[in-house]
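[1] Give me a model of this one.
(one chain, ligands or ions: 1)
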Amino acid sequence: MGELGPKLRAALEGVPASKPRSSAGVPAEAAAEAPGEQRLRQSQSQPVYKLSANENPYPPLPGVIERAVAGAQGINRYPDLWCGELTRELAARFDVPEAHIATGTGSVGVTQQLLQITAQPGDEVLYAWRSFEAYPVLTRIVGARPVEVPLAAGEVHDLDAMAAAVTGRTRLIFVCNPNNPTGTIVRRAELERFLDRVPSDVLVVLDEAYIEFVADEDFPDGIEVYRDRPNVCVLRTFSKAYGLAGMRVGFAFAHEPVAAALRKTAVPFGVTQFAQDAAVASLRAEAGMRERVEALTAERRRVSAALAEQGWALEPSHANFVWLRTGERTDDFAALCEREGILVRAFSGEGARVSLGEPAANDRFLYVAERFRKELPGR
Ligand SMILES: *Cc1c(COP(=O)(O)O)cnc(C)c1O
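    Residues are numbered from 1 along each chain as shown. You can find the predicted model right below:
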């Protein structure tokens, strides 16, 4: 008796166990040494740049720390359950009714809620692949079946194939725009055409974690798209352009039934008062956010041009990272990067995603990328 242990849900067997190495790819020791530091110390002499999690290399926006710290006196109390002030700020800033807004513990938290409100065991959840790593994990946790549609040439969503893959069991579709990790986008006309083909009882989530970094004129702003489409939900985050990854606050815009269902499934008091206050202060520091985004997109142009010069074949990135198709040599590439003090996100056998950091970090990455091409020429 008791030897078998508690019965756990079979669905969890398909979910990878977390390793001592954090999901961000930082060795546990380095993460413990300097949690949250963009520039980690590997040894006395060599800086380690964490370019593996698409974090913002800049400190929180002006006024954010002051506002968050001012709330510290109140941590004996629970936070505002409904994120009231943040919801009002978001409604005003994005011209969306408050009833259309749901918040969560990062947009990954909201993603989990999106699965909880739509998918049961036996249902299908559709998305392009490769895309955001949370989709398959969270889909499996609810017991639904991931349906992954390979990216088309040019590392873009194959929306025709995705529309064709919709079945009577499809409950949720993710369109990651720009796509993590490839940095490619779906443009307005093709998105509208796709949405016209999706049955109205299937929820389509436009995951726009990187929208602030997009400069393309044909990029569809999800807020315009969702307004007259009750089965479309827009997912956004404070983690990337706003630089609040450590605070865990994300939000969704959707028509009332979906937004209300998301609020039902939120972890009660999950978004701390620090996070709510920091998010409000960040929204009020929009000009500062724009400056940082400008700096990072300037670095994106510089780094992309330098990589092309080195001979790398790149698809243009619309986000705060670049994607290198290193294929079979991905592990070698990641290992060389690590030896040289650059942490990247490697997908074995496929490619490496490298976040844009501050100029010194990007310079270091460019140096390693060039060395890699020279030392390990293509087969
Ligand atoms: C980084 C990222 C998020 C943001 O996650 P948070 O939980 O808000 O930190 C969401 N979607 C994609 C595609 C991302 O890359």
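[2] all contacts plus neighbour counts: C-alpha atoms, from now on.
    Noted.
[3] Tell me if I'm right that residue 288 and residue 62 touch.
    Yes - the pair residue 288 and residue 62 qualifies as a contact (CA atoms under 8 Å) at a distance of 7.4 Å.
[4] pretty sure residue 152 is in contact with residue 158, am I right?
    Yes - Residue 152 lies in contact with residue 158 (CA under 8 Å); the separation is 5.2 Å.
[5] Give me the more crowded residue out of these two.
    residue 158 (17 against 14; other CA atoms under 10 Å).
[6] Let me see the ranges of the strands in the protein.
    39-41, 47-50, 101-104, 124-129, 145-150, 170-176, 203-207, 232-237, 250-253, 321-324, 342-343, 345-347, 351-355 (DSSP state E).
[7] Make JSON lines out of those and add mean pLDDT and mean neighbour count.
    Output for the strands of the chain, formatted as JSON lines (pLDDT from 0 to 100; neighbours: other CA atoms under 10 Å):
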{"stretch": "strand 39-41", "mean pLDDT": "49", "mean neighbour count": "18"}
{"stretch": "strand 47-50", "mean pLDDT": "92", "mean neighbour count": "24"}
{"stretch": "strand 101-104", "mean pLDDT": "98", "mean neighbour count": "26"}
{"stretch": "strand 124-129", "mean pLDDT": "98", "mean neighbour count": "25"}
{"stretch": "strand 145-150", "mean pLDDT": "98", "mean neighbour count": "19"}
{"stretch": "strand 170-176", "mean pLDDT": "98", "mean neighbour count": "23"}
{"stretch": "strand 203-207", "mean pLDDT": "98", "mean neighbour count": "24"}
{"stretch": "strand 232-237", "mean pLDDT": "98", "mean neighbour count": "25"}
{"stretch": "strand 250-253", "mean pLDDT": "98", "mean neighbour count": "26"}
{"stretch": "strand 321-324", "mean pLDDT": "98", "mean neighbour count": "25"}
{"stretch": "strand 342-343", "mean pLDDT": "97", "mean neighbour count": "25"}
{"stretch": "strand 345-347", "mean pLDDT": "98", "mean neighbour count": "21"}
{"stretch": "strand 351-355", "mean pLDDT": "98", "mean neighbour count": "25"}
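[8] would you turn those strands into JSON lines with distance to the ligand?
    Below are the strands of the chain laid out as JSON lines (distance: least, CA to the nearest ligand atom, whole Å):
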{"stretch": "strand 39-41", "distance to the ligand": "19"}
{"stretch": "strand 47-50", "distance to the ligand": "14"}
{"stretch": "strand 101-104", "distance to the ligand": "9"}
{"stretch": "strand 124-129", "distance to the ligand": "12"}
{"stretch": "strand 145-150", "distance to the ligand": "15"}
{"stretch": "strand 170-176", "distance to the ligand": "6"}
{"stretch": "strand 203-207", "distance to the ligand": "6"}
{"stretch": "strand 232-237", "distance to the ligand": "4"}
{"stretch": "strand 250-253", "distance to the ligand": "5"}
{"stretch": "strand 321-324", "distance to the ligand": "10"}
{"stretch": "strand 342-343", "distance to the ligand": "16"}
{"stretch": "strand 345-347", "distance to the ligand": "12"}
{"stretch": "strand 351-355", "distance to the ligand": "11"}
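[9] Can you give me the separation between residue 195 and the ligand?
    Using CA to the nearest ligand atom, to the nearest Å, one obtains 19 Å as the distance from residue 195 to the ligand.
[10] State the number of residues packed around that residue.
    18.
[11] Show me the shaky parts of the stretch 251-379 of the chain.
    Within the stretch 251-379 of the chain, the segments meeting pLDDT under 70 span 376-379.
[12] If we ignore the residues flanking it in sequence, what's nearest residue 93?
    Counting by CA to CA, 6 or more residues apart in numbering, residue 283 is the residue found nearest to residue 93 once chain neighbours are left out, at 7.8 Å.
[13] With residue 210 instead?
    In space, and not counting its chain neighbours, residue 210 is closest to residue 319: 5.6 Å by CA to CA, 6+ apart.
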